[in-house]
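In: Mind looking at a prediction? Sequence and model below.
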Amino acid sequence: MSHEQSKSETDAETDSNEDRFFLRDLGVERRDFMKAGMAAGAATSLTGCTGLLGGGGDEQRAASADYEVPPGEHDDYYAFLSGGHSGEIRVYGLPSMRQLMRIPVFGRESARGHGYDDKSREMLEEAGGYTWGDTHHPRLSQTGGEFDGRWLFINDKANPRIARVNLKYFQTDAIAHVPNTQGIHGVTGWYPDTELVLGNGEFRVPIPNDGRNLEDPDKYRSVYTAIDPESMNVEWQVLVDGNLDNSDSGKNGRYTFSTCYNSEEGVDEQGMTADDRDWVVAFDIPRIQDAVENGEYEVVNDVPIVDGRQGSSLNEADRPVTTYIPVPKNPHGVSVTPDGKYACASGKLSPTVSVIDIEAIDEVDDPEEAIAGRPNVGTGPLHTAYDGRGQAYTTLFIDSQVAKWDIEQAVEAELGSEDPVIEKIDVHYSPGHCQAAQSYSTDPTGDWLLALNKFSQDRFLPTGPYHPENDQLIYIGDDEEGMQLVKDTPSYAEPHDATIAHRDRLDPADIWDPDDYELDYIDSGESNIERDDGRVYIETYAIRNQYGLSDITVQEGDEVTLHVTNIETAKDISHSVVIPEYDINLSLAPQETRKVTFTADNPGVFWMYCGYFCSALHLEMRSRLLVEPEDEPEGPDPF
Ligand code: K7E
Ligand code: CUA
Ligand code: CA
């Protein structure tokens, strides 16, 4: 399709250009050709590349994994990928894999002015003041088990934070700082209606961590934390044995699940891998809420902590707050099937996935009896995603593959059987998560799968000793044809997980709605300066190609607040306010208001200019900040 078009568009170009065009596209054609060959059972020679652009190749692509999105056309899906150590979220369009946007979350970022205006700066400061974070698990809010397009929640694995992104504006609007833990790893909403957001404490520390029990790891603890998604307040925590790694929620408002690889409570690798078994903890959320209601907790750092350790009275109760389900040693990911029947914990050190029958948890005497299946999927299974057709896809870190397996067959087969595995596909290399379109909801669409690989090695041009990672797009919509790898996308360290939502699930705003922020909106012509005893409050606006005030004069030492509205009503016209040497960088989308407060401690002339190329006269869009000196400068003018 698009290929035919663009090919004919290049016809006018020279032969050598056309050759290069051919070569550039050859990878694509070749893969389709390979698939065609394989489907026909033919061991076709792939070394002779001429003639691959014949009609057969095109037909083949049209019939299968059509991933090309021509210029000007939109993708079907938003994919929200964690940005790892960048502390951000990356938004891709799928299936094109084009990067549409980046959303800064846990660190300052200048293009979006994140951490530079008063509100985002205070948000970062109040959440601990860290300058970076490590995002792993972007999870969308759901209503009735389906993505509702309202919020995205994401953890900070490095520092104990959970952030909320407003999906109307693709902007981080709240960050919760979580006490009594070091870092938050797994995170999930409590579904179907996202009444809570839950975060896993992975590193065990003394509680409170105030210098006590330094050398007594037996007294280190880990907690599971619940946050209110509206207020972003930390509501309660549950004390657990071991640690907590990854997390997912059941679909019916009852259990959530976390893996634990350190039931040994070791402090080094040897200690954490000593035992044959670790566990999945099932948290009975309504039961925990009852315990909080009944005052069955200790308060540490203002947070009620419910004791969910094995043998505690709440754990031993008729209806326990926590159930510890043994699984083979050092499991990693856990995810719940779209129908809500099973929680699947990937084995990591065991080549198996443990399929937990969620309803059975309440019925069995021994929690281990809730294990309904345990397919042998391959070496190093880390995470599992779903296509909504009863099939699961598990990444194999060590085998560098994704294994596709049948969930009900896994329940029927003997534990440890390889029979439920349908097929495997090579990925490049060592995948962490894989994620399928809408897999985290009750409504997976079953067409695309992302494999988020930790290593790219030889797949791209070398970039020095740091290599990009490799996000691979795999078509899973054709069970007969099998999984088809269609695209490699280099990515900067380091995506872990992703959530993929059909574009119909989101409704982003083109311009800001003034009702959505607490600052006053400034109309055209309405600039104002108020001065009061060393405080200067300036309200003004930005529009092509000027600010409302051509200059602003303050005194050295004044505390200045600059409150600026971008009064553009046209979409895509952003302005900014940059004041060099004052480290000021306000970024303003259309109709957005932000303010920044600073002390005018350097006398002189400072151009206040727009940093977004907003129009032909963008460079002329500027005013001056004139800071009058406290003491007259000395000496003659040198020029
Ligand atoms: Cu496997 Cu943090 Cu989801 Cu990374 S965790 S891969
Ligand atoms: Cu406004 Cu450039
Ligand atoms: Ca272990």
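Out: Perfect, thanks for sending it. Ligands and ions are numbered 1, 2, ... in the order given.
In: show me what contacts residue 128?
Out: Taking Cβ atoms under 8 Å, 6 or more residues apart in numbering as the criterion, residue 128 is in contact with 159, 160, 161, 177. For the C-beta atoms, the positions are set from N, CA and C on the backbone; glycine is no exception.
In: And for the third one, the neighbour number?
Out: So that's residue 161. 25 (other Cβ atoms under 10 Å).
In: Retrieve the pLDDT associated with it.
Out: On pLDDT, residue 161 comes in at 98.
In: Can you show me the helices along the stretch 301-450 of the chain?
Out: Along the stretch 301-450 of the chain, counting by DSSP state H, counting those that start in this stretch, helices occupy 313-316, 407-412.
In: Compare these and give me the one nearest residue 86.
Out: helix 407-412 (34.7 Å; Cβ to Cβ).
In: measure stretch 269-276 end to end?
Out: Separation of the first and last residues of stretch 269-276 by Cα to Cα, to the nearest Å is 14 Å.
In: just curious, which of the contacts of residue 128 is nearest to residue 449?
Out: Nearest to residue 449 out of the contacts of residue 128 is residue 161 (Cβ to Cβ; 29.4 Å).
In: CSV please, covering the helices of the stretch 301-450 of the chain and showing mean pLDDT.
Out: Formatted as CSV, the helices of the stretch 301-450 of the chain follow (pLDDT from 0 to 100):
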stretch, mean pLDDT
helix 313-316, 98
helix 407-412, 98
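In: Pick the most buried one from the ones you listed.
Out: helix 407-412 (a mean of 18; mean count of other Cβ atoms under 10 Å).
In: Would you pull up how far that helix lies from the middle of the chain?
Out: In terms of Cα atoms, centre = their mean, to the nearest Å, the centre of helix 407-412 is found 31 Å from the chain centre.
In: Also stretch 245-255?
Out: With Cα atoms, centre = their mean, you get 18 Å for stretch 245-255.
In: quick check, that stretch touching ligand 3?
Out: No - Stretch 245-255 lies out of reach of ligand 3 by Cβ under 5 Å from the ion, never closer than 10.4 Å.
In: Using CSV, write out every CA atom in that stretch.
Out: Provided in CSV are the C-alpha atoms of stretch 245-255 (Å, rounded to 0.1, in the frame of the first residue of the first chain):
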residue,chain,number,x,y,z
ASP,A,245,8.5,-7.7,43.2
ASN,A,246,5.8,-7.4,40.5
SER,A,247,2.1,-6.9,40.9
ASP,A,248,-1.3,-7.2,39.2
SER,A,249,-4.9,-7.0,40.3
GLY,A,250,-7.8,-9.5,39.9
LYS,A,251,-10.7,-8.2,37.9
ASN,A,252,-13.5,-8.4,40.5
GLY,A,253,-12.5,-6.0,43.3
ARG,A,254,-11.2,-8.7,45.6
TYR,A,255,-7.6,-9.9,45.3
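In: Buried ones in that stretch, by neighbour count?
Out: For stretch 245-255, the neighbour count (16 or more other Cβ atoms under 10 Å) marks 245, 246, 247, 248, 249, 250, 251, 254, 255 as buried.
In: Distance of the second one relative to ligand 3?
Out: Spelled out, that is residue 246. Shown here: residue 246 relative to ligand 3, a distance of 14 Å by Cβ to the ion, to the nearest Å.
In: How about that residue, nearest residue that isn't a chain neighbour?
Out: Nearest-residue entry for residue 246: residue 186, 4.0 Å, with adjacent residues in sequence omitted and distances by Cβ to Cβ, 6 or more residues apart in numbering.
In: what residues are up against the one you found?
Out: Residue 186 neighbours (Cβ under 8 Å, 6+ apart): 136-137, 155, 199-200, 244-248, 258-259, 334.
In: which of the buried residues of stretch 245-255 lies closest to residue 535?
Out: If you rank those by distance to residue 535 using Cβ to Cβ, residue 247 comes first, at 46.7 Å.
In: Next up, phi/psi of that closest one, please.
Out: Main-chain torsions, residue 247, degrees, to the nearest 10: phi -150, psi 150.
In: all strands for the stretch 451-600 of the chain, in order.
Out: Secondary structure of the stretch 451-600 of the chain (DSSP state E, counting those that start in this stretch): strands located at 469-475, 484-491, 498-502, 528-532, 535-543, 546-547, 551-555, 559-566, 575-579, 584-588, 593-599.
In: can those strands go into CSV with extra columns for mean pLDDT, distance to ligand 2 and mean neighbour count?
Out: Formatted as CSV, the strands of the stretch 451-600 of the chain follow (pLDDT from 0 to 100; distance: least, Cβ to the nearest ligand atom, whole Å; neighbours: other Cβ atoms under 10 Å):
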stretch, mean pLDDT, distance to ligand 2, mean neighbour count
strand 469-475, 98, 33, 23
strand 484-491, 96, 30, 20
strand 498-502, 98, 32, 24
strand 528-532, 96, 21, 11
strand 535-543, 97, 6, 20
strand 546-547, 96, 9, 20
strand 551-555, 97, 17, 17
strand 559-566, 96, 8, 23
strand 575-579, 98, 4, 25
strand 584-588, 97, 9, 23
strand 593-599, 97, 14, 19
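In: sorry, back to before: can you list the contacts of residue 128 in a markdown table and add distance to residue 567 and secondary structure?
Out: Shown next, in a markdown table, are those (distance: Cβ to Cβ, whole Å; DSSP: H, G, I helix; E, B strand; the rest coil):
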| residue | distance to residue 567 | secondary structure |
| --- | --- | --- |
| 159 | 37 | coil |
| 160 | 40 | coil |
| 161 | 34 | strand |
| 177 | 35 | strand |
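In: Of these, just say which sits nearest to ligand 3.
Out: residue 160 (22.8 Å; Cβ to the ion).
In: quick one: the closest one from ligand 1, how far?
Out: The gap separating residue 160 from ligand 1 is 15 Å, by Cβ to the nearest ligand atom, to the nearest Å.
In: Ok, residue 275 next?
Out: Counting by Cβ to the nearest ligand atom - residue 275 and ligand 1 are separated by 21 Å.
In: now swap in residue 250 and tell me
Out: 19 Å.
In: Residue 329 now?
Out: Per Cβ to the nearest ligand atom, residue 329 is found 16 Å from ligand 1.
In: Around ligand 1, pick out the residues from the stretch 401-550 of the chain.
Out: 432, 433, 496, 497 (Cβ under 6 Å from any ligand atom).
In: May I ask you to confirm that the last one is in contact with residue 140?
Out: No - the pair formed by residue 497 and residue 140 falls short of the contact definition of Cβ atoms under 8 Å, at 11.7 Å.
In: Can you pick out the most distant pair from the residues of the stretch 401-550 of the chain next to ligand 1?
Out: Between any two of those (Cβ to Cβ), the greatest distance is 7.8 Å, for 432 and 497.
In: Residue 281: which element?
Out: strand 277-284 (DSSP states H and E).
In: re earlier: hey, what's in contact with both of residue 432 and residue 497?
Out: By the contact definition Cβ under 8 Å, 6+ apart, residue 432 and residue 497 are jointly contacted by 383, 452.
In: Nearest residue to residue 507 in space, please, no chain neighbours.
Out: residue 149 (5.6 Å).
In: Am I right that that neighbour is in a helix?
Out: No - using DSSP: H, G, I helix; E, B strand; the rest coil, the secondary structure at residue 149 is strand, not a helix.
In: contacting residues around it?
Out: Applying Cβ under 8 Å, 6+ apart to residue 149 gives the contacts 140, 141, 167, 501, 505, 506, 507.
In: now do residue 460
Out: 467, 468, 470, 488, 490.
In: so residue 364 sits right up against residue 370, yeah?
Out: Yes - Residue 364 is in contact with residue 370 according to Cβ under 8 Å; the separation is 5.3 Å.
In: what about those two, which has more around it?
Out: Regarding residue 364 and residue 370, a neighbour count based on other Cβ under 10 Å identifies residue 370 as having more, with 24 against 14.
In: if I look at residue 573, how far off is residue 632?
Out: Distance, residue 573 to residue 632, by Cβ to Cβ, to the nearest Å: 43 Å.
In: Pick out whichever of the two has more residues nearby.
Out: residue 573 (19 against 5).
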